[in-house]
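**Student:** Below are the sequence and a predicted model; questions follow.
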Amino acid sequence: MLQRVLLLSSLLILFTGSVFAQPSTQWSANANTAWYNSTDTEFAITTSEQIAGLSVLVAGGNDFSGKTINIMNDLDLAAHLWTPIGPDYTLPFSGTVDGNDHVISNLFIVIPGVDWTGLFGMCTNSTISNIRLDNVYLRAAGTAGALMGNCATNSTITDCHATGVDIVGTSFNVGGLVGSMMTNSNMLRCSSTGSVTGESQVGGLVGSPWDLTSITECWSGGTVSAQHLAGGLVGYCTIAFLPDRNNTLNNCYSRANVTVVNGRAGGLYGGADGNLIAANCYSTGTATGAELIGGFIGAVGGMNTTNSYWDMETSGLANGIGGWLGAESPQEITGKTTAEMKTTTMVDLLNGTQTSAPWTIDPSINDGYPILASMSVGIAPFAASPVELSVYPIPFNATVQLGSRADLLSYSIYSTTGNLIRSAELTGNSSSLDLRDLASGAYVLSVLTSKGIATERIIKQ
């Protein structure tokens, strides 16, 4: 099982998965609620129709407080569009779900302008564990993530993973796994890989944690894009309601590449106004943008970071911190070469004085970088081949060139607010897109190939 998880950490790609058509019908119209009764406290879900029934029941006012759902089979949701379990803050999910390490695949969520989106939308006083998501297509506003929009108020997420993530949000708090975490909520041994795009406070794993949260032994990979404020693992650490309600990050890493149009981006963390405590973490990805760009974190108002690192060579950044928004304070963030990062010495540094020794290394896994040994439940490697697509130049004046070993089938261009600008069919392995009539600004280019879908952020100068 452990080997299964660790092999995945080498698959840090833009997007991967099979080619499939987006559904047009709703799961809410095809749901089965017959499995539920008001007297039992524990239920088994075995079909896609039944988990759709859970969404319908919560939307009807049943928050499932004190009740447990056990998912007993792999579930394929490709047939219909999904409505989140707990659709908004007035109708949250407050129960327990154990996925039992089953895969929920082909999750389509297309609700432009709507917040609190994911497999779950709004959760309070909830416990979610052992869920594996495979191929997630999400188009919404903000507070959006593959697993959950908002993990709030005494909620816990453990051993949950998402891969093949393709998320485009048009607002704030967008994450590969979870959009927002708040008020005594925790995440342990979780991961996300794929493409995540949003307006601001965007992260490869979590968009924004705030007011007493913890993220422990988690990782991310793929690409993260935003207009402003994004990080490879976490986008932005916001305020706390009371003193000493810190947001902690411990034994985590990111291999994601981050791009912001304006400023504030970091290989691991986009920015922290305050209340961030980070320890024993590293990042290897690039971070690009106009200002306040750091190999580890972008903009800092206040934090306390110890025993943490970034790869100076793969990131192309000599500074771990992009810039300070307030008074500077000493931080233990150290730049390393790629060769130094891929050693047992690096593992010893990360483990430090921790008796549990959470870090290990295997040269054949994760491209030789340190890995988290405790993540014993996770996602099997994809059988599908990664989508190989070259897009250049990304900042362009008139045309964009496409090239791939796979057949190019079609392309679509979306605005940063999620509106379709244009689409057309393609043929062959290369193409030149004439985009001189587009207004200056950022766009999302989605290209369908015979190997799957690739998504790239492009900028018209």
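**Tutor:** Everything's here; your move.
**Student:** so where do the helices sit in the stretch 151-300 of the chain?
**Tutor:** Assigned by DSSP state H, counting those that start in this stretch, the stretch 151-300 of the chain shows no helices.
**Student:** can you give me the helices for the stretch 351-461 of the chain?
**Tutor:** Under DSSP H, counting those that start in this stretch, the stretch 351-461 of the chain gives no helices.
**Student:** Run through it and note the low-pLDDT ranges.
**Tutor:** Low-confidence segments of the stretch 351-461 of the chain (pLDDT under 70): 375-387, 415-419, 451-453.
**Student:** next one: the stretch 1-150 of the chain
**Tutor:** Applying pLDDT under 70 to the stretch 1-150 of the chain flags residues 1-21.
**Student:** Then the stretch 201-350 of the chain?
**Tutor:** Nowhere does the stretch 201-350 of the chain drop to pLDDT under 70.
**Student:** can you tell me which residues contact residue 354?
**Tutor:** Counting by CB atoms under 8 Å, 6 or more residues apart in numbering, residue 354 touches 251, 280. Any C-beta I mention is one placed from the backbone N, CA and C, and that applies to glycine too.
**Student:** Please disregard the earlier target; I meant residue 263.
**Tutor:** Taking CB under 8 Å, 6+ apart, one finds 228-229, 289-293, 298-299, 322 in contact with residue 263.
**Student:** Just send the residues you listed back as CSV, with distance to residue 119 and neighbour count too.
**Tutor:** Below are the contacts of residue 263 laid out as CSV (distance: CB to CB, whole Å; neighbours: other CB atoms under 10 Å):
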residue, distance to residue 119, neighbour count
228, 27, 24
229, 25, 28
289, 30, 23
290, 34, 12
291, 36, 13
292, 33, 25
293, 33, 26
298, 29, 32
299, 31, 24
322, 33, 25
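**Student:** Next step: those restricted to strands.
**Tutor:** Members of these lying in strands (criterion: DSSP state E): 228-229, 291-293, 298-299, 322.
**Student:** would you list the residues you listed in a markdown table and tack on distance to residue 38?
**Tutor:** Output for the ones in strands among the contacts of residue 263, formatted as a markdown table (distance: CB to CB, whole Å):
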| residue | distance to residue 38 |
| --- | --- |
| 228 | 47 |
| 229 | 45 |
| 291 | 56 |
| 292 | 53 |
| 293 | 54 |
| 298 | 49 |
| 299 | 50 |
| 322 | 53 |
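**Student:** Which one of the residues you listed is nearest to residue 437?
**Tutor:** Checking the ones in strands among the contacts of residue 263 against residue 437 with CB to CB, the nearest one is residue 228 at 26.3 Å.
**Student:** can I assume the closest one is in contact with residue 171?
**Tutor:** No: counting by CB atoms under 8 Å, residue 228 sits too far from residue 171 to count as a contact (11.9 Å).
**Student:** hang on, the earlier thing: which one of the ones in strands among the contacts of residue 263 is nearest to residue 147?
**Tutor:** Using CB to CB, the ones in strands among the contacts of residue 263 come closest to residue 147 at residue 229, 21.6 Å.
**Student:** State the distance from that closest one to residue 237.
**Tutor:** Plainly put, residue 229 is 11 Å away from residue 237 if you go by CB to CB, to the nearest Å.
**Student:** can you list residues touching both of those two?
**Tutor:** With CB under 8 Å, 6+ apart, residue 229 and residue 237 have common neighbours residue 271.
**Student:** about what we covered before: can you add distance to residue 133 and give the contacts of residue 263 back as a markdown table?
**Tutor:** Below are the contacts of residue 263 laid out as a markdown table (distance: CB to CB, whole Å):
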| residue | distance to residue 133 |
| --- | --- |
| 228 | 27 |
| 229 | 25 |
| 289 | 29 |
| 290 | 33 |
| 291 | 34 |
| 292 | 32 |
| 293 | 30 |
| 298 | 28 |
| 299 | 31 |
| 322 | 31 |
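**Student:** Which residue ranges make up each domain of this structure?
**Tutor:** Domain segmentation of the chain under automatic domain parsing yields 2-372, 390-460.
**Student:** Of those, which stretch is the most buried?
**Tutor:** Most buried of the domains of the chain, by mean neighbour count (mean count of other CB atoms under 10 Å): domain 2-372, with a mean of 22.
**Student:** in this protein, which residue is closest to the centre?
**Tutor:** residue 176 (1.3 Å; CA atoms, centre = their mean).
**Student:** Residue 123 versus residue 214, what's the distance?
**Tutor:** Distance, residue 214 to residue 123, by CB to CB: 16 Å.
**Student:** Could you find the closest non-adjacent residue to residue 111?
**Tutor:** residue 140 (5.3 Å; CB to CB, 6 or more residues apart in numbering).
**Student:** Let me see the contact set for the one you found.
**Tutor:** 109-115, 117, 169-170.
**Student:** Residue 103 too?
**Tutor:** If a contact means CB under 8 Å, 6+ apart, then residue 103 has 74-75, 132-134, 379 as its contacts.
**Student:** same thing with residue 24?
**Tutor:** Residue 24 is in contact with residue 81, counting by CB under 8 Å, 6+ apart.
**Student:** ok, now how distant is it from residue 104?
**Tutor:** 20 Å.
**Student:** that older thread, close enough to count as contact, the residue nearest to the centre of the chain and residue 225?
**Tutor:** No: using CB under 8 Å as the test, residue 176 is too far from residue 225 to be in contact (11.8 Å).
**Student:** Mind listing the shared neighbours of the two?
**Tutor:** Common neighbours of residue 176 and residue 225, counting by CB under 8 Å, 6+ apart, are residue 196.
**Student:** Thanks again, I'm all set now.
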